[in-house]
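A.B. asks: quick one: sequence and predicted model below, then my questions.
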Amino acid sequence: MVDNSQIMKTVSLEKYGIKNAKVKYQLSSDELQKITVDAGLGKETANGTLVVNTGKFTGRSPQDRFIVKDDYTSERVWWGKTNKAISPENFDKLEKEVTKYLSGKEIYARDGYVCAEPEYRTNIRTVTEYAWSNMFVFNMFLRPTASELENFNEDWLVLCAPSYECPEPKEYGIRQGNFSIINFTKKVVLIGGSAYTGEIKKGVFSALNMILPVEKNVLPMHCSSNVGKKGDTAIFFGLSGTGKTTLSADPERKLIGDDEHGWTADNTIFNFEGGCYAKVIDLSEEKEPDIFRAVKPGALLENILIKEDGQPDYLDSSITQNTRVSYPIYHIDNIQETLYAKNPKNIFFLTCDAFGVLPPVSKLTPGQAAYHFISGYTAKVAGTEAGITEPVPSFSACFGEPFMPLHPTVYGEMLSKKMTEAGVNVWLINTGWSAGPYGVGSRIKLKYTRAMITAILNGELENVDYDQNFIFGLHMPKYCPGVPTEILDPMNTWLKKGDYIGKAIQLAHSFHLNFEKFSGQASEQIMEGGPLIDEHHHLHENL
């Protein structure tokens, strides 16, 4: 471990246009926590964990995220509502305003890096207005040793000024006073007007999602991963609420990382980060023991209320549903020390299908894998007001659309190619409903989902027979150890087969509608990976 209090080096920020600032460099977590509490900007729980409130923004603000449109980006970026353009001139004006704002203040600088695999290491200098934002950076980025800091040169700069709000947004080409902007030519992430720490993490993630595929032939992935005793690596994709964190925490396997990874040309899977940023709403030791125990001094809780006995109130969502904790990865016991491993063998796409029509486990062809990866499906359970319990399909390209600057098919094609070359199996795992949709059926038991994943990791589904689902085209195992055979084909679990078919066609249609925006750039193999059936008039052929 690095004891950063031993570091005597100081840095000047004059070259960035930050003048006469009192720069606190590379402070330890303890020092940053004390500054935060002394300034009345945070409190401590009974066990000494820091709690802060991020103010107006308790989540990312996707409509206020911009990419500078210039020679590097104009032809590469998939411009649209996810990737909004800002001119280099407006960026320069805003950067000048932010550096002027930070000048003369007591501010916090930290040098760290991302990408655990040494060949892809990317150095990042972060300058923050708040001490606790700097503590977040200590937790989330990889931590250089004292000797590595001596000759540190940053590849990227992050400037974070939560209290700076742009007074005339329209004159700077932005929507309102807050902004998060990535400049690929200057290699700067500029954040203003929001104290939500996820903007720092996701700004850097978005930058890597462009640089790695374009310049390094590395596939960036919004996923968790772990490695088994035999050195086989597994990758878990999934949107919020699908079980990504829960299912990748396995006592028999070592965690590589829980959120952001790269897949290199020589089949190394490496963590981008040095920490975890987990949701803590309804957190309990029983449900999420690793995360629960990681909340100790050095961790940073966001937007949590403290109970009278000094314990964090994980059930209280009065500030936000998106309550969070960041902590360095060494707060978890069972980790892969290097944060990278070779030999990816299995990829899991986790989806919580609240329609109850997708199989609990199915094996995907390369075309299907690319199709489902680009689709990034899960279902949100609607509120129950006035008896409305209809699930809503939710699609996020590559299971991380808000952070993907390139067209999703670029990532989809890379995934297909890598999985074929490396002989990786890809599985679609439904952690959602069975025997009917939400409100009728029931959620698939976690112990069954774990049994399916264990069977796959042990190679026990390699020699079983498969049936093909006639609506989605997915290959469903007829047998899986530890799982009741009757639930493996979802149609078997529905009382009325006609109801299953109707609901399945409804979801298949949602897939097709969503995919229309990608079809212009998707190969024939990918297009054929979608549901086999769409319109009602095809049905009689299959019945």
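C.D. replies: Done, it's in.

A.B. asks: which residues touch the worst-scoring helix or strand of the chain on mean pLDDT?
C.D. replies: Each helix and strand of the chain was given a mean pLDDT (mean pLDDT, DSSP states H and E); the minimum falls on helix 244-248 at a mean of 89. If you take CB atoms under 8 Å, 6 or more residues apart in numbering as the criterion, helix 244-248 is touched by 223-226, 234, 236-238, 255, 258, 278, 287-288, 291, 348, 350, 429, 431, 446, 449-450, 453. Where C-beta positions appear, they are placed from N, C-alpha and C, glycine not excepted.

A.B. asks: what's Ala435 in contact with, if anything?
C.D. replies: Taking CB under 8 Å, 6+ apart, we find Ala435 in contact with Gly356, Gly441, Ser442, Ile487, Thr493, Trp494, Leu495.

A.B. asks: what's the spacing between it and Leu219?
C.D. replies: 37 Å (CB to CB, to the nearest Å).

A.B. asks: what do you get for Thr185?
C.D. replies: Thr185 is 24 Å from Leu219, by CB to CB.

A.B. asks: swap in Ile191?
C.D. replies: Per CB to CB, Ile191 is found 26 Å from Leu219.

A.B. asks: those two: who's more crowded?
C.D. replies: Taking neighbours as other CB atoms under 10 Å, Ile191 and Leu219 compare with Ile191 leading, 28 against 23.

A.B. asks: now do the helices in the stretch 401-543 of the chain.
C.D. replies: Here the stretch 401-543 of the chain has its helices, by DSSP state H, counting those that start in this stretch, at 408-422, 446-457, 490-493, 497-519, 524-527.

A.B. asks: how about those in TSV, adding mean pLDDT and mean neighbour count?
C.D. replies: Putting these into TSV (pLDDT from 0 to 100; neighbours: other CB atoms under 10 Å) gives the following:
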stretch	mean pLDDT	mean neighbour count
helix 408-422	94	20
helix 446-457	97	18
helix 490-493	98	20
helix 497-519	96	16
helix 524-527	93	16
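
A.B. asks: can you tell which of those is closest to Asp333?
C.D. replies: helix 446-457 (19.2 Å; CB to CB).

A.B. asks: please save the CA atoms from the closest one in CSV.
C.D. replies: What follows is helix 446-457, C-alpha atoms only, in CSV (Å, rounded to 0.1, in the frame of the first residue of the first chain):
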residue,chain,number,x,y,z
LEU,A,446,-31.0,-16.5,-7.1
LYS,A,447,-29.8,-20.0,-6.1
TYR,A,448,-31.0,-21.3,-9.5
THR,A,449,-29.2,-18.5,-11.4
ARG,A,450,-26.0,-19.2,-9.4
ALA,A,451,-26.4,-22.9,-10.2
MET,A,452,-26.6,-22.1,-13.9
ILE,A,453,-23.5,-19.9,-13.8
THR,A,454,-21.6,-22.5,-11.8
ALA,A,455,-22.6,-25.2,-14.2
ILE,A,456,-21.4,-23.1,-17.1
LEU,A,457,-18.1,-22.2,-15.4
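
A.B. asks: that helix: how far from the chain's middle?
C.D. replies: Centroid displacement of helix 446-457 relative to its chain, using CA atoms, centre = their mean, to the nearest Å, is 23 Å.

A.B. asks: with stretch 288-298 instead?
C.D. replies: 19 Å.

A.B. asks: what comes into contact with that stretch?
C.D. replies: Against stretch 288-298 from outside (CB under 8 Å, 6+ apart): 29-30, 33, 45, 47-50, 139, 245-246, 249, 255, 276, 278, 280, 283-285, 301, 312, 325, 327-328, 331-334.

A.B. asks: from these, which ones fall inside helices?
C.D. replies: Of the positions in these, Ser29, Asp30, Gln33, Asn139, Thr245, Thr246 sit in helices, assigned by DSSP state H.

A.B. asks: separation between Phe348 and Gly520?
C.D. replies: Distance from Phe348 to Gly520, by CB to CB: 29 Å.

A.B. asks: repeat that for Gly17.
C.D. replies: From Gly17 to Gly520 the distance is 43 Å (CB to CB).

A.B. asks: more neighbours: the two, which one.
C.D. replies: Between Gly17 and Gly520, Gly17 has the larger neighbour count (other CB under 10 Å), namely 14 against 8.

A.B. asks: tell me the SS of the residue nearest to that one when sequence neighbours are not counted?
C.D. replies: The shortest distance from Gly17 to any non-neighbouring residue, by CB to CB, 6 or more residues apart in numbering, is to Thr99 (3.7 Å). Following DSSP: H, G, I helix; E, B strand; the rest coil, Thr99 is assigned to helix.

A.B. asks: what segments of the stretch 301-450 of the chain are strands?
C.D. replies: Assigned by DSSP state E, counting those that start in this stretch, the stretch 301-450 of the chain shows strands spanning 305-306, 312-313, 324-328, 340-342, 344-351, 361-364, 377-380, 392-395, 425-430, 433-434, 442-443.

A.B. asks: most tightly surrounded among the ones you listed?
C.D. replies: Most buried of the strands of the stretch 301-450 of the chain by mean neighbour count (mean count of other CB atoms under 10 Å) is strand 433-434; its value is a mean of 26.

A.B. asks: re earlier: if any of the contacts of stretch 288-298 are buried, put those into a ChimeraX selection.
C.D. replies: Buried members of the contacts of stretch 288-298, defined by 16 or more other CB atoms under 10 Å, are picked up in ChimeraX with:
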select :29,33,45,49,50,139,245,246,249,255,276,278,280,283,301,312,325,327,328,331,332
